[in-house]
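> Sequence unavailable; structure follows:
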């Protein structure tokens, strides 16, 4: 079992993901998460260690309500990276950024004030990974196959990104999961 998440000023790419690699269904739908459970106190853990959130425009347009982050348990600055901030739906506590991803991380980490900057965007996360700016990828695998939607990581023709598992005796071993259809 992994140690609880810590607030160390990390750039944390964090998602619940379907077993087949989707973090949202078609049209950014999230209803597929209903009926899944997480370990006790998980939401409180992330709400306590998150200082700021960085998201993308597609996610914001689908869910333009910052009070829904962690079921309302988290309060703090939300940054939405977009090429067109002028036509975004404004909300209190939300700042629309039109800059490069590295600058968005700098702004987000400063606002996080020593806590973690959580990245809630597959596209931004991929860009930050390529720039070497992701400190940790934190995934919760839901027991569901979506078959369609928004993938966590898409990079056709790109080279594989090797990862090291945290909290494992062998950080390069495969992680075994077993499920059966319901």
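The structure has been received and is ready for your questions. Because the structure is a prediction, the values reported are computed rather than measured.

> where exactly do the helices run in the chain?
Listed in chain order, the helices of the chain (DSSP state H) span 42-49, 57-62, 101-112, 122-130.

> Present these as TSV; the columns should include distance to residue 83, mean pLDDT and mean neighbour count.
All C-beta spots, glycine's among them, are computed from the backbone N, C-alpha and C. Below are the helices of the chain laid out as TSV (distance: least, CB to CB, whole Å; pLDDT from 0 to 100; neighbours: other CB atoms under 10 Å):
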stretch	distance to residue 83	mean pLDDT	mean neighbour count
helix 42-49	29	94	17
helix 57-62	8	94	18
helix 101-112	12	98	19
helix 122-130	12	96	20
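
> nearest to residue 169, of these?
helix 42-49 (23.2 Å; CB to CB).

> if we can go back for a sec, could you export the helices of the chain as a markdown table, including distance to residue 8?
What follows is the helices of the chain, written out as a markdown table (distance: least, CB to CB, whole Å):
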| stretch | distance to residue 8 |
| --- | --- |
| helix 42-49 | 8 |
| helix 57-62 | 25 |
| helix 101-112 | 10 |
| helix 122-130 | 17 |
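
> Residue 85: which of those is closest?
Using CB to CB, the helices of the chain put helix 57-62 closest to residue 85, at 8.8 Å.

> Before I go, just wanted to say thanks for your time.
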